[in-house]
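**Q** coords please:
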Amino acid sequence: MNHILKAKIEHNKLIWFNPERFQKLLKSMSGGIEVVFRKIKSPRSNQQNRYYWGVIIKILADELGYDPTDLHFALRLRFLSMIEDNVTSGVLLVPKSTTSLSTAEFEAYQADIRRWAAGFLNISIPEPNEVELNESN
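**A** Below is the predicted model of the structure:
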């Protein structure tokens, strides 16, 4: 079983977010271990999510006549698909989940949708700073 522990770096030292868990895990390990360092991604923000569903999805769903959930899946398939080559079933397009995107990746995804909507569908979607978002968006 793999264990993921998070830490921050201060003055070139690791500061564990849960030092008790780290100590307990360390005591339970015998033999060698492998340590992998990976920068923690900032998950997409609530404001980005409100903009996505309340502006991008709403405008496109209204204009195109799609159910918002179906449209969300179609956009993921169009802009976030990864090709998986499966020996038994061939090549598959697998859409990445938007919940796994960082704030920067989610903004890039939204920018791709805005460019596509403007260029291909002739639908203008305002930028995040051009709309007022509230809790209901």
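
**Q** residue nearest the centroid of this protein?
**A** Nearest to the geometric centre of the chain sits Leu101, at 1.6 Å (CA atoms, centre = their mean).

**Q** give me the pLDDT value at that one.
**A** Listed pLDDT for Leu101 reads 87.

**Q** same check on the one 4 residues further on?
**A** Here the pLDDT value assigned to Glu105 is 90.

**Q** buried residues in the strand or helix carrying it, which are they?
**A** Following DSSP states H and E, one finds Glu105 within helix 103-116. For helix 103-116, a neighbour-count test (16 or more other CB atoms under 10 Å) marks Glu105, Phe106, Glu107, Tyr109, Gln110, Ile113, Arg114, Trp116 as buried. C-beta coordinates here come from the backbone N, C-alpha and C atoms, glycine included.

**Q** hang on, the earlier thing: list phi and psi for the closest residue to the residue nearest to the centre of the chain other than its chain neighbours.
**A** Leaving aside its chain neighbours, Leu101 sits nearest to Arg44 (5.6 Å; criterion: CB to CB, 6 or more residues apart in numbering). Here is the backbone geometry of Arg44 (degrees, to the nearest 10): phi -60, psi 150.

**Q** distance of Arg44 relative to Ala111?
**A** Distance of Arg44 to Ala111, computed by CB to CB, to the nearest Å: 14 Å.

**Q** cool, Asn46 as well?
**A** 19 Å.

**Q** for Asp62, same thing?
**A** According to CB to CB, Asp62 stands 21 Å off from Ala111.

**Q** would TSV of the buried residues of helix 103-116 with distance to Val36 be doable?
**A** Formatted as TSV, those follow (distance: CB to CB, whole Å):
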residue	distance to Val36
Glu105	20
Phe106	24
Glu107	27
Tyr109	26
Gln110	30
Ile113	33
Arg114	36
Trp116	36
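
**Q** pick the one among those closest to Leu26.
**A** The shortest approach to Leu26 among the buried residues of helix 103-116 belongs to Glu105, at 33.0 Å (CB to CB).

**Q** in contact with that closest one, which residues?
**A** Going by CB atoms under 8 Å, 6 or more residues apart in numbering, Glu105 touches Lys41, Arg44.
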